[in-house]
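Engineer: predicted model and sequence below, questions to follow.
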Amino acid sequence: MRILVTGGAGLVGSHSAEFFALSNPKNKVIVLDNLMRSRIFGYDKASVEYNWNYLKKYKNIERIKGDVRDDKDVTRAIGRGVDVVIHTAGQPGVPSSVRKPLEDFSINAYGTLNVLEAARKKSKDTIIIYCSTNKVYGENVDKIPLQELEKRYTFKDVVGVSEQMCTDLTGHTPYGVSKLVGDLYVQEYSYIYKMRTGVFRMSCTTGTRQFGFEDQGWVAWFIIATLFGKPITIYGNGKQVRDMLYVDDLTEAFNLFINSSSESGLFNIGGGPDNTISLLEFLDELESLTGKRPKVKFADWRPSDQKVYISDTSKLEKTLHWKAKTSVKEGIKKLLDWVKENKTYFS
Ligand SMILES: NC(=O)c1ccc[n+]([C@@H]2O[C@H](COP(=O)([O-])OP(=O)(O)OC[C@H]3O[C@@H](n4cnc5c(N)ncnc54)[C@H](O)[C@@H]3O)[C@@H](O)[C@H]2O)c1
């Protein structure tokens with residue numbers, strides 16, 4: 001297979017590229033990235049360039065520096081055609097989308113349409129995988145009744161959020177909106193142009209080689225702060241809960257979709273009800289693993305920050321026989337060990 005991974009220098013992109021490069025030496029993986037993650041978040045370049053350089057060792061990965069918003073760059077990356085596009089490139093931060101809504105829109109919405117159109121022009125048989133987000137449901141998720149416990153909130157009547165959750169008549173943040181535009185366009189290319197598309201509405205995804213900042217990638221950011229004595233700010237009371245997904249389980253789902261006979265699909269994906277953690281519980285877990293606890297300041301809730309988000313993954317389990325294999329604790333430990341081994345990038 002020829003596979004184009006956009007955003008291939010990011011967390012999801014670099015793991016996807018590696019997965020497909022390793023799973024079959026005959027696969028040819030093309031990675032397209034403009035290395036702008038560090039610029040989006042205003043930090044040093046070590047993060048994206050680390051992943052970019054990391055992929056160099058694979059002979060069947062070609063790296064192309066380019067922008068998903070630029071037709072010439074995307075067309076060059078597609079070359080003589082690709083069987084699959086895994087579209088992970090994005091502006092992934094909520095606060096950055098509030099600060100710069102036009103840039104957020106241009107990358108997440110226009111960039112997605114540009115990739116779809118370039119792929120369609122070459123071949124309607126190309127399979128498109130899209131990294132969507134739980135943020136497309138916005139504050140509708142907060143209409144689910146909650147119970148407040150000592151260190152976390154829990155859903156009262158449901159185990160998780162299904163694909164039936166409404167996306168309308170609520171706040172999303174510009175990020176949630178731009179990702180929803182991309183999500184709808186990907187779905188539309190299946191309806192109108194009969195392309196095979198898989199939309200994965202991801203919740204909190206983590207893994208090795210994640211360079212977290214306060215604005216995005218909170219799991220990695222809390223680990224870095226804990227290990228290197230940096231203060232953190234918790235927006236809200238820290239009882240917010242996420243279902244954490246380890247990135248290998250995500251790439252496995254992409255692979256199952258590509259190799260299945262299922263037509264286009266839309267799936268919520270996350271660790272699910274068995275793999276949830278609140279921010280306060282996460283700090284406890286880190287303290288038990290490292291003996292350290294960062295200095296914590298509390299501030300006001302961020303706009304549209306869902307108090308609990310847990311994916312109902314039953315559709316994915318039924319359709320693709322997928323199940324998250326990595327527990328929250330295993331995922332945290334893997335990332336923690338990786339950060340310890342790569343101190344120079346963080347301390
Ligand atoms: N990580 C999560 O928890 C999470 C959750 C839900 C959805 N998502 C979505 O999944 C996708 C991947 O997330 P991630 O965590 O790997 O993010 P990431 O920031 O690690 O990776 C995104 C990559 O896209 C690249 N990029 C940004 N703008 C680009 C452009 N215009 N042209 C080419 N490349 C560009 C960046 O340089 C970066 O390498 C994103 O679209 C994000 O919205 C992520």
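Structural biologist: Yes, it's here.
Engineer: what does the chain have sitting close to the ligand?
Structural biologist: Proximity of the chain to the ligand, by C-beta under 6 Å from any ligand atom, involves residues 7, 9-13, 33-37, 48, 67-69, 88-92, 107, 111, 131, 133, 179, 202, 204-205. C-beta coordinates here come from the backbone N, C-alpha and C atoms, glycine included.
Engineer: what residues are up against the residue lying closest to Trp301 once chain neighbours are set aside?
Structural biologist: Distances taken as C-beta to C-beta, 6 or more residues apart in numbering put Gly236 closest to Trp301, at 4.4 Å, once the chain neighbours are dropped. By C-beta atoms under 8 Å, 6 or more residues apart in numbering, the contact list for Gly236 reads 298, 300-302, 305, 307.
Engineer: returning to that earlier point: out of the residues of the chain next to the ligand, which are inside strands?
Structural biologist: 33, 131, 133, 202, 205 (DSSP state E).
Engineer: format the residues you listed as JSON lines; extra columns: neighbour count and pLDDT.
Structural biologist: Putting these into JSON lines (neighbours: other C-beta atoms under 10 Å; pLDDT from 0 to 100) gives the following:
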{"residue": "Asp33", "neighbour count": "28", "pLDDT": "97"}
{"residue": "Cys131", "neighbour count": "29", "pLDDT": "99"}
{"residue": "Thr133", "neighbour count": "25", "pLDDT": "98"}
{"residue": "Met202", "neighbour count": "23", "pLDDT": "98"}
{"residue": "Thr205", "neighbour count": "26", "pLDDT": "98"}
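Engineer: tell me the SS of the nearest residue to Lys56 once chain neighbours are set aside?
Structural biologist: In space, and not counting its chain neighbours, Lys56 is closest to Arg63: 7.1 Å by C-beta to C-beta, 6+ apart. With DSSP: H, G, I helix; E, B strand; the rest coil as the basis, Arg63 sits in strand.
Engineer: partner residues bridging Arg63?
Structural biologist: Val31 (DSSP bridges).
Engineer: distance check, Phe257 against His321.
Structural biologist: Note on Phe257: its distance to His321, by C-beta to C-beta, to the nearest Å, is 11 Å.
Engineer: the more surrounded of these two?
Structural biologist: Using other C-beta atoms under 10 Å as the criterion, Phe257 and His321 rank with Phe257 on top: 24 against 9.
Engineer: give me the pLDDT value at whatever residue of the stretch 1-150 of the chain ends up closest to the ligand.
Structural biologist: Closest to the ligand within the stretch 1-150 of the chain is Gly10: 1.8 Å, counting by C-beta to the nearest ligand atom. pLDDT recorded at Gly10 is 96.
Engineer: how about the backbone phi and psi for it?
Structural biologist: Main-chain dihedrals, Gly10, degrees, to the nearest 10: phi -90, psi -170.
Engineer: my guess is it contacts Arg37. True?
Structural biologist: Yes: contact between Gly10 and Arg37 holds when scored by C-beta atoms under 8 Å: they sit 6.1 Å apart.
Engineer: any common contacting residues for these two?
Structural biologist: The contact lists of Gly10 and Arg37 share Val48, where a contact means C-beta under 8 Å, 6+ apart.
Engineer: in the stretch 51-200 of the chain, what spans have low per-residue confidence?
Structural biologist: In the predicted model, the stretch 51-200 of the chain carries no residue with pLDDT under 70.
Engineer: residue boundaries of the helices in the stretch 1-150 of the chain?
Structural biologist: Ranges of helices in the stretch 1-150 of the chain, per DSSP state H, counting those that start in this stretch, are 11-23, 37-41, 46-54, 71-78, 94-99, 101-105, 111-122.
Engineer: and Gln147, which of those helices is closest to it?
Structural biologist: helix 94-99 (25.4 Å; C-beta to C-beta).
Engineer: just to revisit the earlier point, next one, pLDDT for the residue nearest to Trp301 please.
Structural biologist: 97.
Engineer: and the gap between it and the ligand?
Structural biologist: 18 Å (C-beta to the nearest ligand atom, to the nearest Å).
Engineer: what about that residue? Give its phi and psi, please.
Structural biologist: Per-residue torsions, Gly236: phi 100, psi -160 (degrees, to the nearest 10).
Engineer: which ones are touching Ser278?
Structural biologist: Ser278 neighbours (C-beta under 8 Å, 6+ apart): 151-153, 238-241.
Engineer: drop anything exposed from the residues you listed.
Structural biologist: The neighbour count (16 or more other C-beta atoms under 10 Å) marks 151-153, 238-241 as buried among the contacts of Ser278.
Engineer: between the ones in strands among the residues of the chain next to the ligand, which is nearest Pro174?
Structural biologist: Thr133 (12.5 Å).
Engineer: touching, the closest one and Cys204? I think so.
Structural biologist: No: between Thr133 and Cys204 there is no contact under C-beta under 8 Å: 10.0 Å.
Engineer: partner residues bridging the closest residue to Phe257 other than its chain neighbours?
Structural biologist: Distances taken as C-beta to C-beta, 6+ apart place Gly198 nearest to Phe257, at 4.4 Å, with adjacent residues excluded. Beta bridges link Gly198 to Ile129, Gly265, judged by DSSP bridges.
Engineer: do you know how far Gly198 is from the ligand?
Structural biologist: Shown here: Gly198 relative to the ligand, a distance of 13 Å by C-beta to the nearest ligand atom.
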